[in-house]
Each structure stands twice: as structure tokens, then as C-alpha cells.
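J.: below is the sequence, then the predicted model.
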Amino acid sequence: MKGATMKPGIRLKPALLFALLAVSLSFQARAAGNVEAGKDVFATECAECHSVREGKNKKGPSMFAVVGRKAASIADATYSDPLKASGITWTPDRLDAYITAPKKLVPGGKMKYDGLASATERADLLAYLATLH
Ligand code: HEC
């Protein structure tokens with residue numbers, strides 16, 4: 001009767017593995033969807049003025065590695081004085097506030113963009129920006 005000697009701890013393992021797999025699969029599926037959607041949002045809302053290529057500035061500075069960067073820190077981009085003086089570091093939180101209402105976070109700044117009202121689109125966009133490294 002070898003089967004009857006199975007410890008509860010051993011019987012738990014397959015269930016635990018299955019749960020972990022399910023969680024990680026659903027996480028990956030959602031993360032991938034957000035990034036793809038965010039890429040589209042970027043193309044429609046931001047690409048006119050921003051490139052995602054390192055060192056390529058258009059009307060606005062490159063968005064390469066923007067998450068975690070200090071505001072107005074790209075040497076050959078031209079920035080407004082209010083943005084230079086803002087002391088902002090582009091955490092996801094600050095980026096969200098800026099994209100919601102650029103003029104509110106940086107009064108007198110020169111990003112001519114009215115803001116993105118949809119919280120879902122902003123979350124997708126932030127997921128995409130976080131991949132630019
Ligand atoms: C009409 C052109 C235009 C559009 C559209 C635009 N931006 Fe900008 N953006 C600028 C300019 C110009 C600046 C510099 C602002 C300043 O110096 O005050 C800027 C600055 C920024 C900065 C600060 C970067 C740094 O190095 O400090 C971020 C972040 C940013 N934009 C993100 C976005 C995102 C995300 C979108 C799309 C939702 C967007 N912008 C849409 C022109 C634009």
C-alpha cells in the first residue's frame with residue numbers, strides 16, 4: 001500500500017504548480033496586451049513629436065529609457081525653462097500626471113498636448129514606455 005503513505009505535502013504540489021502556472025500565464029497575457037495597445041496609443045498620440053529611438057529628438061525629446069529619467073536631462077534636446085526647473089523624475093506616477101495634463105504638472109512648459117483622458121490608454125502607454133530600454 002505505498003500510495004496510502006503519501007504525505008499531504010506531496011499531494012499539494014501539483015495543485016500549487018498549476019496555480020502558479022495559471023497566474024503567470026494570465027499575467028503574461030495581460031502584460032503583452034497592454035504593451036501592444038500602448039504602442040498604438042503612442043503612434044496616434046505621441047509619435048508626431050517623439051521618437052522612441054535613442055538619441056533621436058523631434059519636436060520633443062526621445063522617449064528612449066524615459067521611465068526613471070530626470071526631466072529635461074537629454075543634452076541636445078531643447079527644453080522650456082519651467083521643465084528644466086521642475087526637478088521631476090519621470091516615475092510612472094509623474095508620467096501619468098504629465099500625460100493626463102501636461103500644462104497642469106508643468107505650467108508654462110512647451111509640450112503642446114492637451115492630455116490623454118482615458119486611464120486605460122494611459123496605463124497601456126506607460127506599459128509600453130517601460131519597455132523602451
Ligand atoms: C505636439 C508635440 C507633442 C506631442 C503630441 C507630445 N509631446 Fe511630449 N513633449 C513635447 C515637447 C516640445 C516637449 C518638451 C517640453 C518642455 O520642454 O516643456 C515634450 C516633453 C515630454 C516629456 C518630458 C521628457 C524629458 O526629457 O523630460 C515627456 C515624458 C513627454 N513629452 C511624453 C509625451 C507622451 C507620452 C506623449 C503622448 C501621449 C507626448 N509627449 C505628446 C512635444 C509633444
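T.: Here it is on my side, so go on. From a predicted model like this one, the values you see are computed outputs, not experimental measurements.
J.: what does stretch 93-108 contact?
T.: 66-67, 80-83, 86, 88, 90, 109, 111, 113, 115-117, 122, 125-126, 129 (CB atoms under 8 Å, 6 or more residues apart in numbering). C-betas here are computed from N, CA, C, even on glycine.
J.: what parts of the chain come near the ligand?
T.: 45-46, 48-50, 59-61, 66, 71-72, 74, 79-80, 83, 90, 95, 98-99, 106, 109-113, 116 (CB under 6 Å from any ligand atom).
J.: burial measure for residue 128, as a count.
T.: 22 (other CB atoms under 10 Å).
J.: equivalent analysis for residue 98, please.
T.: Other residues close to residue 98 by other CB under 10 Å number 22.
J.: can you pull the phi/psi pair for it?
T.: phi -70, psi -50 (degrees, to the nearest 10).
J.: what's the spacing between it and residue 36?
T.: 23 Å (CB to CB, to the nearest Å).
J.: three-state assignment of the spatially most central residue of the chain?
T.: In the chain, the C-alpha nearest the mean C-alpha coordinate belongs to residue 126, at 2.4 Å (CA atoms, centre = their mean). Recorded secondary structure, residue 126: helix (DSSP: H, G, I helix; E, B strand; the rest coil).
J.: so it touches residue 38, yeah?
T.: Yes: counting by CB atoms under 8 Å, residue 126 does reach residue 38; the two are 7.0 Å apart.
J.: tell me the pLDDT at residue 17?
T.: At residue 17, the pLDDT value in this model is 54.
J.: next SSE downstream of the helix or strand of the chain with the lowest mean pLDDT?
T.: Least confident helix or strand of the chain, by mean pLDDT, DSSP states H and E, is helix 8-45 with a mean of 68. Counting by DSSP states H and E, the next helix or strand C-terminal to helix 8-45 is helix 81-84.
J.: count of neighbours near residue 61?
T.: 24.
J.: confirm for me that it is in contact with residue 50.
T.: Yes: taking CB under 8 Å as the definition, residue 61 is a contact partner of residue 50 at 7.2 Å.
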